[in-house]
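1. Here you go, sequence then predicted model.
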Amino acid sequence: AAAAAAAAGDEQPVPGGGGSSSWDKDLAEALNEGGCDLETLRNIIQGRCIPADQRAKVWKISLNVAGKVGSLGSWDGSLDLPEQTLIQEDCQKLIDRLSMPDEEKEQLLSDIESVITFYCKSRNVIYTQSLGWTDLLKPLVPLRMSRNDLYNCFYAIMNKYIPRDFVPHGRPFHLFRLLLQYHEPELCSFLDTKKITPDSYAISWGASLFAGCCTEDVAQLMWDVYLQQADPFLIFFLMLVILVNAKEIALSQEGESKEELIRSLENVPCNLETEDVEDLYSLALYYHARTPASFRKDNQNLFGSNLLGLKDDEMDLSQALCLPVSVSEILQANQLQGDGVRFFVVDCRPAEQYNAGHLSTAFHLDSDLMLQNPAEFALSVKSLLEAQKQSIESGSVASGEHLCFMGSGREEEDMYMNMVLAHFLQKNKEYVSIAKGGFMALQQHLVDINVDGPENGYGHWIVSTSGSRGSISSSADGESPNGSGDGRGVKSLVNKMTFALKSKSVNVKEKVISFIENTSAPVERHVSSSDRVGKPYRGVKPVFSIGDEEEYDTDEIDSSSMSDDDRKEIVNIQTWLNKPEIKHHFPCNEVKETGHMFPSHLMVTASHMYCLREIPSRKGFAYIQSRQALTSMVKITSKKKHPELITFKFGNSNVSPVEILAVERYLIPNAGDATKAIKQQIMKVLDALES
């Protein structure tokens, strides 16, 4: 916490006192003029201590209840709940602790009992002492508000700042445990070992916003800042800071009983003093800035109206291994500048799935190795941590202090990944999270956001890689060895390492392998490096694998043992253009069923149509990707919404129904001219055959 406090110096303003002597006059004038809003208050107060005589007005504005009539006025005032005696007893205990004339106490007692009773009736809640409502009213009662204002403030705090289901075993406590594990895994593990759950010591902290366990002065000062911050999730980070600062005390009491430990933790906030509040909020903001945004975004329904209750398909946080992070945040985080959360993504799927398609910034850690080959797994983990360290030092877009593990998204396949996660957590590794929904969720998200055409497609996010040992990833950007690329897409550290591995000496290769190593067993299929630079076309089915249905002329395949690259003939594009037999030439992009596009050239001779796919690393050269006889072309179609996307189907038209043997899709500028020329050439071939 001391290190965090030092680093927290750059965070946003927090309470401190001091400053200009005229600001309180500005505050009084703004409040007296009327129409003052929360933003105006923030600009005037700027984290200073609010004068006691202005606190009621400031709080009402902060809670957005200033001047509101509310529903209490329409109530008949009946105090007739079955729990009425209990309510009255608890209210009397609160009043007895106050220092004020007896006549004022009598009126306050009536107001407090009315507020609690009417809230129970209007919200259909059965009152119990464990709700802690009298503690929540403690900071409000000394402000001497009207009964209506008291109820409106109480209602607003309950609705906006007290998490729903804040009861034993409730969802907020499971979420808090994940937050604690994310930042302080050692302390979390210690408490887990003792079977001490957050609801056993922190329920009074959050249910009263610390008013039930702090002195009146501390509670009011904390609320001054809390209500101006207007962030309901701040309670989690205040709880975190208080617990983290009690870490040494907790660990030193390892020999104590569970009950003694719980009692010790529960009383930690009691020791807070007014001068501690500034540091408390500084640290809370520090931890907040270093927590994934998904913590807040995925749990908005913890606050607010009951109409926005938990969904049936909501993730059971009690079963979560670690903090879940949305795939949308993973994609966005590493594109942002500044000191926000950045992820180092660890893809834990089997090698064949990773090779078929993966996030371009992801490091591969084959989770199967943990059981199959522990030695190689240990080496891979060492390489992973070294790669993470060096990516941070180099400022790569793949860098990040926060480890995010990604599985397939299918429970039965992610069993080994969960074991890997547990391994890191047992090592007390901080900042460990899991990609919610895995690679399947990533695929779906990329489809959902792919609405603006191919230039914004997912091709630069997803890349394919060779399955052979030592080959890590492909270039996601189609950049040349000298580093000159088109500037688009994600230039991952892993991809740069691959270029070094391919283009440098054996010594460099060995250094790179030691830096970042894919230790998975080789698979039989080798995916061509030319298959790695595609970007998808909108609307094409997102399979995210490469080369599922490659069509090659059988004459070009010499040996089944050869790789795809070896099977394709490399030619000079300009030399082919100069050939007299080339009748037509159409620059285009080949669109695979995987959704990826590849810069290509369609060339039509008197009898055949050729596809030459450009080689990114060799300017002016291309692979002969396909060679199809014009007489085998049985259908040419285009999409109404995308007329430039042309599909050619090849097969045998002499049988019924027509046998389709190959399908090729191309994105062709001026597609109408291209299809017209190809059709005319087909007709010429057919006429020649008939004659």
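-> Nice, I can see it.

2. Report the beta-bridge partners for Q628.
-> M609 (DSSP bridges).

3. what does C404 give?
-> Beta-bridge pairing for C404 (DSSP bridges): V345, S433.

4. So what's the residue count around it?
-> Residues near C404, counting by other Cβ atoms under 10 Å, number 29. Just so you know, the C-beta spots here come from the backbone N, C-alpha and C atoms, and that holds for glycine as well.

5. And K194, by the same measure?
-> 17.

6. Count residues in the vicinity of the closest residue to it other than its chain neighbours, would you?
-> Closest residue to K194 apart from its sequence neighbours, by Cβ to Cβ, 6 or more residues apart in numbering: K258 at 5.6 Å. Using other Cβ under 10 Å, K258 has 12 other residues around it.

7. which residues does K258 contact?
-> Listed by Cβ atoms under 8 Å, 6 or more residues apart in numbering, the contact partners of K258 are 194-196.

8. of all those, which comes closest to A688?
-> Using Cβ to Cβ, K195 is the member of the contacts of K258 that lies nearest A688, at 85.5 Å.

9. show me the residues around A606 that make contact.
-> A606 neighbours (Cβ under 8 Å, 6+ apart): 581, 583, 681, 684-685.

10. Got a quick PyMOL command for the buried subset of those?
-> Buried members of the contacts of A606 can be picked out in PyMOL with the line below, counting by 16 or more other Cβ atoms under 10 Å:
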select buried, resi 681+685
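
11. so where is this protein shaky, pLDDT-wise?
-> 1-21, 305-314, 334, 336-339, 450-460, 465-567, 593-596, 641, 691 (pLDDT under 70).

12. again, only this time at 50
-> 5-6, 10-11, 13-14, 16-20, 307-309, 312-313, 451-459, 466-566 (pLDDT under 50).

13. Any idea how many residues pack against the nearest residue to E273 once chain neighbours are set aside?
-> Using Cβ to Cβ, 6+ apart and skipping the chain neighbours, the partner closest in space to E273 is V218 (6.6 Å). As a burial measure, V218 scores 23 neighbours (other Cβ under 10 Å).

14. V218 and C270 touch, don't they?
-> No. The criterion here is Cβ atoms under 8 Å, and V218 misses it with C270 at 9.4 Å.

15. thinking again about what came up before, is it fair to say the residue nearest to E273 lies in a strand?
-> No. If the criterion is DSSP: H, G, I helix; E, B strand; the rest coil, then V218 is helix and not within a strand.

16. show me where the stretch 551-691 of the chain has strands.
-> 570-572, 584-591, 597-604, 608-614, 621-629, 633-638, 645-652, 659-667 (DSSP state E, counting those that start in this stretch).

17. quick one: strands adjacent to the shortest one?
-> Strands adjacent to strand 570-572 in the sheet, as given by DSSP bridges, are strand 621-629 (antiparallel).

18. for the third one, same thing?
-> Strand 597-604 has the following sheet partners, assigned by DSSP bridges: strand 584-591 (antiparallel), strand 608-614 (antiparallel).

19. Tell me which of these is the most buried.
-> Mean neighbour count (mean count of other Cβ atoms under 10 Å) peaks for strand 608-614 among the strands paired with strand 597-604, with a mean of 22.

20. centre of the chain versus it, how much separation?
-> When C-alpha coordinates are averaged (Cα atoms, centre = their mean, to the nearest Å), strand 608-614 and its chain have centres 41 Å apart.
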